[in-house]
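S.K.: Curious how this folds, go ahead:
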Amino acid sequence: MYYPEEVVEEVRSRNDIVDVISSYVGLKRAGSNYTCCCPFHNEKTPSFSVSRQKQMFYCFGCHEGGNVISFVMKYEHFTFPEALRYLADRVGYSLPEVEPSEEEKRRTSRRQQLRDVNTAAAAYFHFLLTKTERGKLGYRYYREQRGFSDKTIADFGLGFADVYSDDLYRYLKKKGFSDEIMRDAGLVDFDERRGPHDKFWNRVMVPILDINAKCIAFGGRVLGDAKPKYMNTRETEIFDKSHNLFALYLARRSKRRGMILCEGYMDVITQHQAGFDNAIASLGTAFTSGQASLIRKYTKEVYLAYDSDRAGTMAAKKAIQVLRAHDMQQRVIDLSPHKDPDEFLSAEGAEAYEERIRQAIPGRMFEIRELAKGFRLDDPEEKTGFIHAAAALIAGAEDVAERASYTETVAGEYGINEGLLQQEVTRIGLTGLDSRSAGYAVTDSAGYPEDMLSEEERDYTDSGGPYRSEENGSGQEYRRRDNGRKEDRTEEHLLTWMVNRPELFSTLSGVISEEDFTGRVHEVATQLFQQYRETGSVTPAAILSRYEESEDQREIAGILSREFPFETEQDAAEKALTELVRKLKLKAVDEKLRNGTGSAFELARQKKDIQKIEIHL
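M.R.: Here you go, the predicted structure:
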């Protein structure tokens, strides 16, 4: 389908890229641009940048980029004409009638065939479950073991895949579907030895519907001892696990507050039957940025109802990070002493579950309480370690009132002097130095053997979570990370502070200069100091424009664009600034000692002089 260039440009120009992308993800202002965690790959640190001036986006992590049409095509898996129609409808612009090309007709037809074959399979599975003797095994499982009513079975279109390994294939063949469509839909496999054989057999089946209630995939639970216990349709042209959520098409219409995010289909179905029709679940994988973006279209408040075992706790921590990166509220439901929502509702009922939802705690408080479990708080040294680690978590809150509230709550709950905790929160916020970089190495009181951690826990650990692996006499253990893993960002933090408060160039004159910085930061510092000497002010944007490569721009922008939303009373600011300056100067001396440059006596004298530095504002 061809649209004239002027039509395409008209649609593009009417759709501001910041407005469009912010309807999918939580953009935050970062200088003249906007930023967030990339919706196209999983990340914890935002590297996705949107420019209103240029009307373009670019991810410095996965290198996706383009304009507003490109974004919608990528995010929604639209063709170019589909994206153009979507954006035109969004602004009330009428596109001219044009004839679709043969390729577009073929693509549309193929996607429709994939939906049709899934719909036919879902109808057959449901028929077997509810209308045939062969489906009695699955029906008894749903009714007796899960406690699902006939209405719930019908509402979710639950089904049963027969014990025969080619049962579905023969049915779909009779309905006129080609081997190619069955294979590409992930329903039937083919090989020379076995011929066609169903992907799902001897399983109770759960249809997976997209946001428009169209069947796009299945989840199946085996009846018996076969492996895997749970199995999903592999990804296809119409099924992307990272951008779909089970039961979202129902939950988006709920009148309840927020959405309840679970780990499994059965938990969701049980909650819907109990009246909690805002429950949803990810699709057999860890919760993703794309799924967070999808939820954010309908609500910014998410309740986590993950399993209460260690694996569920680790998964909840990961989900909290993803939701926080999308500027969404996270609250965790305490299911103890039960394992999951299904077990809780069976044992205690809907009213008790409603109360647990009301009592759900914020994600950051959940992290702090889980953190506390790794410390012996009756031991002074371990309690000190906990104070520093908890302060680092509290400092991550951007809102001043929120930080104050957490400080008061944590101090009261754990018997900590509130003023001391507030001082540590401020210090970490202003300097970027947490307990590990300050040299507080804390060993977890209970290491976990590797074979006791799930693959998801190990993934969370390996990707920067609070535990590290180490060898001991009996094998592998996971213990809390020590200060060896923290990257030293002293130079960046000090320079960023100077950019935010240019008067510091004058205040620190004679104490530090561009020569105290190293590497790329030295390069930027040299230009900033030169600007200040020549004009009495600094213009970071002028420096950024000197770099043409996107990687260079990303790195420089990362140094220059950070803000400090922390309390900066003079006394606290002076202490934090003094600490940064001393650390920067000592780093340079330590480097000379390591390289054997300069007199050891002279360098020792310099270190003593550095410790005497006091910055006054």
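S.K.: residues contacting residue 190?
M.R.: 179, 183, 196-197 (C-beta atoms under 8 Å, 6 or more residues apart in numbering). Placement of C-beta: from N, CA and C, glycine included.
S.K.: Spell out which helix or strand contains it, please.
M.R.: For residue 190, the element it lies in under DSSP states H and E is strand 188-191.
S.K.: Show me which positions of that strand end up buried.
M.R.: Residues residue 188 are the ones in strand 188-191 that count as buried (16 or more other C-beta atoms under 10 Å).
S.K.: Report the strands that pair with it, each with its relative direction.
M.R.: Strand pairing for strand 188-191, determined by DSSP bridges: strand 195-198 (antiparallel).
S.K.: In a strand, residue 71, correct?
M.R.: No: under DSSP: H, G, I helix; E, B strand; the rest coil, residue 71 sits outside any strand and is assigned helix.
S.K.: distance of it from residue 593?
M.R.: 51 Å (C-beta to C-beta, to the nearest Å).
S.K.: can you check residue 532 too?
M.R.: Where residue 593 is concerned, residue 532 sits at a distance of 31 Å (C-beta to C-beta).
S.K.: The two: who's more crowded?
M.R.: residue 532 (19 against 13; other C-beta atoms under 10 Å).
S.K.: just checking, that one touches residue 539?
M.R.: No: Residue 532 lies out of contact with residue 539 (C-beta atoms under 8 Å); the separation is 9.9 Å.
S.K.: sorry, back to before: average pLDDT for the strand holding residue 190?
M.R.: Mean pLDDT, computed over strand 188-191, is 92.
S.K.: what does stretch 393-410 give?
M.R.: Here the average pLDDT along stretch 393-410 is 91.
S.K.: buried set for that stretch?
M.R.: 393-397, 403-404, 406-407, 410.
S.K.: Now, these that are in helices?
M.R.: 393-395, 403-404, 406-407, 410 (DSSP state H).
S.K.: of all those, which comes closest to residue 89?
M.R.: Relative to residue 89, the closest of those is residue 403; by C-beta to C-beta it sits at 42.4 Å.
S.K.: what's the spacing between the closest one and residue 598?
M.R.: 43 Å.
S.K.: what do you get for residue 54?
M.R.: Going from residue 54 to residue 598 by C-beta to C-beta gives 48 Å.
S.K.: Just the buried ones out of the contacts of residue 190, please.
M.R.: Neighbour counting with 16+ other C-beta under 10 Å marks 196-197 as buried within these.
S.K.: neighbouring contacts of the helix or strand hosting residue 180?
M.R.: For residue 180, the host element (DSSP H and E) is helix 179-184. The contact list for helix 179-184, computed with C-beta under 8 Å, 6+ apart, reads 110, 113-114, 117, 169, 172, 188-190, 196, 236-237.
S.K.: Helix or strand for the residue nearest the centre of the chain, just tell me which one.
M.R.: For the chain, residue 322 is the residue whose C-alpha lies nearest the centre (C-alpha atoms, centre = their mean; 2.1 Å). Taking DSSP H and E as the criterion, residue 322 maps to helix 310-325.
S.K.: What are the buried residues along that helix?
M.R.: Here helix 310-325 shows 311-325 as buried, counting by 16+ other C-beta under 10 Å.
S.K.: hang on, residue 217 in a strand?
M.R.: Yes: assigned with three-state DSSP, residue 217 falls within a strand.
S.K.: can you pull the contacts of it?
M.R.: 118, 186, 207-208, 232-233, 236, 239, 244, 283.
S.K.: ranking the residues you listed by neighbours, who comes first?
M.R.: Ranked by the number of neighbours (other C-beta under 10 Å), the contacts of residue 217 place residue 118 first, at 26 neighbours.
S.K.: got a pLDDT number for the closest residue to that residue other than its chain neighbours?
M.R.: Using C-beta to C-beta, 6 or more residues apart in numbering and skipping residues adjacent in sequence, the residue nearest residue 118 is residue 215, 4.2 Å away. According to the per-residue confidence, residue 215 scores 96 in pLDDT.
S.K.: burial of residue 215, as a residue count?
M.R.: When counting by other C-beta under 10 Å, one arrives at 23 neighbours for residue 215.
S.K.: hang on, it packs against residue 115?
M.R.: Yes: counting by C-beta under 8 Å, residue 115 is a contact partner of residue 215 at 6.7 Å.
S.K.: related to what we said a few turns ago, got the contact list for the closest residue in space to the residue nearest to the centre of the chain that isn't next to it in sequence?
M.R.: Once flanking residues are discounted, residue 322 sits nearest to residue 292: 5.1 Å by C-beta to C-beta, 6+ apart. By C-beta under 8 Å, 6+ apart, residue 292 lies in contact with 25, 322-323, 325-326, 328.
S.K.: Adding distance to residue 605 and pLDDT, write those residues out as CSV.
M.R.: Rendered in CSV, the data for these read as follows (distance: C-beta to C-beta, whole Å; pLDDT from 0 to 100):
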residue, distance to residue 605, pLDDT
25, 54, 86
322, 51, 90
323, 52, 92
325, 47, 82
326, 52, 83
328, 54, 90
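S.K.: Among those residues, which one lies nearest to residue 423?
M.R.: Closest to residue 423, out of all of the contacts of residue 292 and judged by C-beta to C-beta, is residue 325, at 27.9 Å.
S.K.: Can you tell me how far that closest one is from residue 29?
M.R.: For residue 325, the distance to residue 29 - C-beta to C-beta - is 15 Å.
S.K.: got it, and residue 414?
M.R.: 35 Å.
S.K.: Residue 41 too?
M.R.: Counting by C-beta to C-beta, the gap from residue 41 to residue 29 is 22 Å.
S.K.: Tell me which of these two has more neighbours.
M.R.: residue 41 (17 against 10).
S.K.: all strands of the stretch 401-550 of the chain, in order?
M.R.: Assigned by DSSP state E, counting those that start in this stretch, the stretch 401-550 of the chain shows strands spanning 448-449, 467-472, 475-480.
S.K.: Pick out the shakiest of the ones you listed, pLDDT-wise.
M.R.: Mean pLDDT is lowest for strand 448-449 among those, at a mean of 33.
S.K.: now, which of the contacts of residue 190 sits nearest residue 364?
M.R.: Nearest member of the contacts of residue 190 to residue 364, counting by C-beta to C-beta, is residue 183, at 46.7 Å.
S.K.: Select the longest helix from the chain.
M.R.: helix 102-131.
S.K.: mean confidence score for that one?
M.R.: What helix 102-131 shows for mean pLDDT is 88.
S.K.: Over to stretch 574-583?
M.R.: pLDDT averaged over stretch 574-583 gives 88.
S.K.: repeat for stretch 237-254
M.R.: What stretch 237-254 shows for mean pLDDT is 92.
S.K.: Could you tell me the end-to-end distance of it?
M.R.: End-to-end distance for stretch 237-254: 29 Å, by C-alpha to C-alpha, to the nearest Å.
S.K.: for it, which positions count as buried?
M.R.: 238-252, 254.
S.K.: List just the nearest of those residues to residue 514.
M.R.: Using C-beta to C-beta, the buried residues of stretch 237-254 come closest to residue 514 at residue 242, 44.6 Å.
S.K.: need the contact list for the nearest residue to residue 391 once chain neighbours are set aside.
M.R.: In this structure, residue 391 finds its nearest non-sequential neighbour in residue 424, 4.0 Å apart by C-beta to C-beta, 6+ apart. Residues in contact with residue 424 (C-beta under 8 Å, 6+ apart) are 387-388, 391.
S.K.: so how far is residue 13 from residue 424?
M.R.: Remark: distance between residue 424 and residue 13 (C-beta to C-beta) = 50 Å.
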